[in-house]
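In: When you get a sec, could you give me coordinates for this:
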Amino acid sequence: MLRCRIGDGEGINIWQQPWIRSENNNFIGLCPHPSVSMHTVEDLIIEGTTEWDPNLVHAIVQPQIAYCITRIYIPSNIRNIERI
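Out: Modelled structure (predicted):
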C-alpha cells in the first residue's frame, strides 16, 4: 500500500501531484482553480503552524475534497512528501 506524508507541503504541487486520499483510499485529482495563485500544499497550511487553513481550503475545492484535506495529519517533524 502506498501512503503519503505531506510534511510541511513545500515540495508538493496542489494541482499536479496525488496527495489527497478519498474516504475509500483512492487518490483524488484536482483541477486548478482559475482564481487561485497557490501552487504548493504549504500554501494551504497556516504559516508557523501544523494546521490547515480551513477557510482557504474550503474556498478552493469542493466540500467533500476539503473534508478529505482537513483530515490529513500535518506532522511537525517530517519534510515534504515521503512515500513508504
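In: List the residue ranges of this protein that fall below the pLDDT cut-off.
Out: Applying pLDDT under 70 to the chain flags residues 1-5, 77-84.
In: where do the helices sit along it?
Out: 54-60, 63-70 (DSSP state H).
In: measure residue 38 to residue 24 for me?
Out: 27 Å (CB to CB, to the nearest Å). Bear in mind the C-beta positions are built from the backbone N, C-alpha and C, glycine included.
In: My error: substitute residue 40 in the last question.
Out: 26 Å.
In: okay, the two: which has more neighbours?
Out: The residue with more neighbours, out of residue 40 and residue 24, is residue 40; 17 against 5, by other CB atoms under 10 Å.
In: list the contacts for that one?
Out: With contact set as CB atoms under 8 Å, 6 or more residues apart in numbering, residue 40 has these partners: 9-14.
In: next one: residue 20
Out: Taking CB under 8 Å, 6+ apart, one finds 27-28, 30, 65, 68-69, 72 in contact with residue 20.
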